[in-house]
Structure formats: C-alpha cells, structure tokens
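Undergrad: take a look and give me a structure for this.
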Amino acid sequence: MRFVRRGDNEPSINLTPLIDVVFILLIFFMVSTRFVDEQELTLELPAASAAQPEATPTDLTINVSRDGRYQIEGHVVPATQLVASLRALRAQYPQRSLRVRADGDARHQAVVRVMDAASTAGFARVDIATRAH
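TA: Purely as a prediction, here's the structure:
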C-alpha cells in the first residue's frame, strides 16, 4: 500500500499571472491618464518671447478689437454672424487655417467666442497671433 505525504500535495497559488495583470493595468492607467496642473497663473497676453513670423498669405485672419468687435478679412462681422461667416470662408477655402489676432485688452470671452465659432465652422487649426517682448 502506498501512503501519500501531506506536505508533497499541498495546494499552491501561482501569483505570476496576477502580477502580470496588475502591471498591465498600471501601464494602461499611466498611458491613458491626463495629468493636468490646474492653478492660477498670472499671464500677460498676447506678448510671447518665441513669437512666430507673421501669418502666411494662406491664413485666414480674424481680428478681435478691444471693445469686442470682430473683423474677418477686413469686413466687420457682428457676433451673431460669426459662425455663418466662418462657415462660408471654410467652404470657400477648405485648406486654409484661421489666425486669431486679438487686442491685448480684448475680453477673454470675445476670443473664446471666436474659437468656438471656428470649431463649429469646421476649422481644424486655429492659431493665436502674439507679439515678441
């Protein structure tokens, strides 16, 4: 008769697959997480030390004045007509990008309104013009 020792046949748990899954989850969360440092900053806009050259002739330009008036390619446009005007320009010039030239004292809401209208009109690229220090 053959007797089996209890020490030889004890169940064991293999932790290797569990550790692999934990590391894969860790890598997934590290790659997919956006780390945003939200804090209040003191900014002086629109001056920039690394300002790019002036707009190329293929850029469409929209100006935002200090008092919130909009001018697209030399024509004054009311705020209610921004999206329609930008859609017409987008249809006429589908490959061009949009350059926003805002006065340094323009309200932030006026610039955001232009960027929102540009997004609604279908512009994929919107640049903000700045000046060198």
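Undergrad: and stretch 83-90, average pLDDT?
TA: The average pLDDT for stretch 83-90 rounds to 87.
Undergrad: buried ones in it?
TA: Neighbour-count burial for stretch 83-90 flags 83, 85-87, 89-90 (criterion: 16 or more other C-beta atoms under 10 Å). Backbone N, C-alpha and C define where each C-beta goes, glycine included.
Undergrad: restricted to helices, list these.
TA: With helices taken from DSSP state H, the overlap with these comprises 83, 85-87, 89-90.
Undergrad: distance to residue 118 added to those, as CSV?
TA: Listed next are these as CSV, based on distance: C-beta to C-beta, whole Å:
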residue, distance to residue 118
83, 9
85, 11
86, 6
87, 10
89, 10
90, 9
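Undergrad: which of the residues you listed sits closest to residue 31?
TA: Lowest distance from residue 31 to these (C-beta to C-beta) belongs to residue 90, with 34.1 Å.
Undergrad: Provide a list of residues in contact with that closest one.
TA: For residue 90, the contact set (C-beta atoms under 8 Å, 6 or more residues apart in numbering) comprises 121-123.
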